[in-house]
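In: predicted model and sequence below, questions to follow.
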Amino acid sequence: MPKEFEPNIVAFLCNWCSYAGADLAGTSRIQYPPNVKIIRVMCSGRVNPIFVLNALQEGVDGVIIGGCHPGECHYETGNYLARRRMTVLKKILEYIGINPKRVQMAWISASEGGKFAEVIKTATDEIKKLGPISQIKRRNKW
Amino acid sequence: MVDNKKLQGEIKKILGRNDVKHVICYSKGTYGFQTTPYFVSKKDDIEKIIFSPLCVNNLSLYVKFDEGTEKIGIVVKGCDSRSLVQMIQEKLIPREKLIIVGIPCNGVIDPKKVRQKIPEELENIDVVEKNDKFIFKRDGKKQKIPKRELVFDKCLVCEYPTPIIYDILVGEKINPLGKDEYKQVKDLESKSLDEKWKFWEKQFSQCIRCYACRNVCPACYCKECMAEQLNPQWLRRSVNLSENTVWNVMHAFHLAGRCTDCGECERVCPMDIPLMLLNKKVEKDVRELFDYLAGVDVDEKPLLAMFKPDDPEEDIK
Amino acid sequence: MSPTQELVIDKNKIPQFIKQTLSSYIVLGPVKNNNLVSFKQITNSKEITMDFTNSKVPPKSLYFPQTETLFRFTKDKDIEIETPKNDGKTLVFGIRPCDAKSLKLLDQVFSGEYEDSLFLSRRKNTTLVGLTCNSPSVNCFCTSVGGNPDDTTGLDVLLTDIGDKYFVELLTQKGKNLVESFNEFKPAKNEDKKKKTVISRKARESIQRIVKTEKIEQILNEIFENKYWGEISRKCLGCGICTFLCPTCHCFDIQDETAGKKGARIRIWDSCMYPEYSMQASGYNPRPAQMNRMRNRVYHKFNYFPKNQHVFGCVGCGRCIDECPVNVDIIEIINKAREVKNE
């Protein structure tokens, strides 16, 4: 039986809101796809576009950036800056020919364990349909 | 047409001050259609200063290299002055340090376009503007070519032909030559994702990562470029499609809200990659999404260092 | 020295000739893409253009690629050193005499006490078919540095366009091996040879830009500390285009790339015009300013290389002048250097 494509997804989650939300999803025993690998950052504003691009280069099929809801950032403005950055980055990626659905952003608060699971479920389904990333993947021909 | 004698006179006056290190202007190049950046510090050298439709360089990039406390003079066209505005906005250099000689510009000649119509020869060619044509004189022979066929694409839609900031203006103010409709960007936007990738894959495969686009850009002045950082190394030095794409995407991203459309990156690229097609897309998006244009207001705040609570939130879950 | 043989071939027989070579050689030739010519592998004679001045990226990239693996390693296992691939005989078609000469210069760099097997094995397997420059471009100055539009250094065959035919000079055994199986090559007649001589002379005379290279090594020795170098380098951006497009530039950097347990050591082109090139681990940089780097580049071509290898390090192709964004011009720099007096 052919193995179904399982995407690799990396999620950059901010320590105070979305990471705590992910924790809550876990402690509440809410099921969500195991395709996501979580990297904790202190704030979504820490996420540099190069992180996203490096992830896509290493063969990651989709990247999620999770932050606090606008107005609730632990550092006041981090998520607003991240929002602007990621909007610009997604536009550039779409223009280059990389499906913008591969890079998603979500506002998940510490109490939204359910929302976190939903976001991961939807993202995994969407990225599964897109197939494995190939455009900027590092070939490592050596 | 710019009165070269008047320009030389104004620069001589600037050199007469005792607080100016040098004036950055243009001089004749070493062959054919070339002109060259020229650093003048002595009054005796002013005869070499020129301004012609062949003066394509954006001299504002030399502000990046400025050191010391002395003032510097600089000659700028309309598009170049936007780069200066951007640098002042970002506090790279205080306004008082610059003595700006503004030249209202009707369009400069794209060397790639003119070389297809007139063969390159050693002797410096003479070119004058007359109405809507350029008249080239060489070996006693004249050749008239419509301006529209020779100027850069950016000149055809130039909205800022008169420098935005200047201390001295050499020439009469000019009204905008056109309005930028971002036609080429829109054409590419309308293609499918696969077609877009096919196009850019071909372009980025040509890139030799010489970083000329970065070095000539007036907005690129990081002391250590992220492409050269080794610890951690974001971008491998290998030249292949993956690294080239990331380089070009990151470069365009770092210029978001900062690129002033001077087009030098595309002019200098030895592999003829259409970099302005990428940078203008970012410029168009920034204009539409955030109502922001770089290099027009010295008091504006940098795009990605600020935010509005009601910034667009497409697709954010 | 093997005696040259002089032949002619009709231009319209060239596509057939190339088709034949494709059966026993890997063929690389000048391919035009939107006005940009580069040397690429071809599978069809139609892909080649003979109507060009020179390629943008010089043919050094065929022997000294921009990115090259030196050895591979796997954690807890042995290192696997890259062995030169023996892909078979290669034929490079349409190389200009200046570029062919540059390959000979690179031979000197990559052999000697340490032999670079990757570079040299590629060179050994190659046959070079050159093309005389009937119309040198504005910035060509091969004649000032010991070259010629019809120079035969480093070539196995030299073709000269004499109208509806090519005048063919067989220069080495490799060259003879290449043409002997194709029977459309005919012995050259006196009138063919005359045409070739006239064309070569006209090409030589059309080179207007002359670099006065007499005793330049000595002059450069004397003006090392002169402020002239500061003046000429002020406009230089340090962009690296000149070094990347120079057929004799050969500086490289070595980097390790890893992915999980595997990795490789890679060699990539570097440029002495970048500040990082000479930056030391301590943070000290012996060439801190653009002045130092520009001076180093000029001296490398016209003083250091001649001192060590007894030839100019420059072949006069003019690419650096054509492509420099700010019109830094090596011809102007060298000619004006003669006028600089020691202070």
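Out: Perfect, I can see it now. This structure is a prediction, so every number in the text was calculated from the model and none was measured.
In: hang on, isn't A:F5 packed against A:K129?
Out: No. A:F5 lies out of contact with A:K129 (C-beta atoms under 8 Å); the separation is 9.5 Å. Yep, even glycine has a C-beta here, placed from its N, CA and C like the rest.
In: what sits against B:L59?
Out: When the contact criterion is C-beta atoms under 8 Å, 6 or more residues apart in numbering or on different chains, the partners of B:L59 are B:24-26, B:37, B:74-76, B:80.
In: now do C:I232
Out: Per C-beta under 8 Å, 6+ apart, neighbours of C:I232: C:294, C:328, C:333, C:336.
In: which of those residues count as buried?
Out: Buried subset of these (neighbour count, 16 or more other C-beta atoms under 10 Å in any protein chain shown): C:294, C:328, C:333.
In: excluding chain neighbours, what is closest to the second one?
Out: Across the structure, with C-beta to C-beta, 6 or more residues apart in numbering or on different chains as the measure, the residue nearest C:V328 apart from its sequence neighbours is C:C236 (5.5 Å).
In: assumed the one you found was part of a helix.
Out: No. Going by DSSP: H, G, I helix; E, B strand; the rest coil, the assignment for C:C236 is coil, not a helix.
In: domains for chain B, by residue range?
Out: B:4-169, B:183-305 (automatic domain parsing).
In: TSV please, covering the ones you listed and showing distance to C:I266.
Out: Formatted as TSV, the domains of chain B follow (distance: least, C-beta to C-beta, whole Å):
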stretch	distance to C:I266
domain B:4-169	31
domain B:183-305	6
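In: closest to A:Y75 out of those domains?
Out: domain B:183-305 (14.4 Å; C-beta to C-beta).
In: centre of the chain to that closest one, how far?
Out: Here domain B:183-305 is found 14 Å from its chain centre; the criterion is C-alpha atoms, centre = their mean, to the nearest Å.
In: so, in contact with chain A or not, it?
Out: Yes. Domain B:183-305 reaches chain A (C-beta under 8 Å from any C-beta of the partner chain) through B:188-189, B:193-201, B:226, B:234-236, B:240-243, B:245-246, B:249-250, B:252-253, B:256, B:278, B:281-282, B:285-286, B:289-290, B:303-305.
In: show me what the top helix by length along chain C is packed against.
Out: For chain C, the longest helix by residue count, based on DSSP state H, is helix C:190-206. The elements that helix C:190-206 packs onto, with contact taken as 3 or more C-beta pairs under 8 Å, 6 or more residues apart in numbering or on different chains; DSSP states H and E, are strand C:5-10, strand C:157-161, strand C:165-170.
In: contacts for the last one next, please.
Out: Strand C:165-170 is contacted from outside by C:4-11, C:14, C:152, C:156-160, C:176, C:179, C:185, C:188, C:192-193, C:195-196, using C-beta under 8 Å, 6+ apart.
In: so where's the chain uncertain?
Out: Let's take chain A. Scanning chain A with the threshold set as pLDDT under 70 gives A:1-2.
In: ah, I was thinking of chain B
Out: Scanning chain B residue by residue, none of them satisfies pLDDT under 70.
In: residues from it in reach of chain C?
Out: B:29-32, B:34-39, B:57, B:61-62, B:120-122, B:206, B:208, B:210-212, B:214-216, B:228, B:236-240, B:264, B:267-268, B:270-272.
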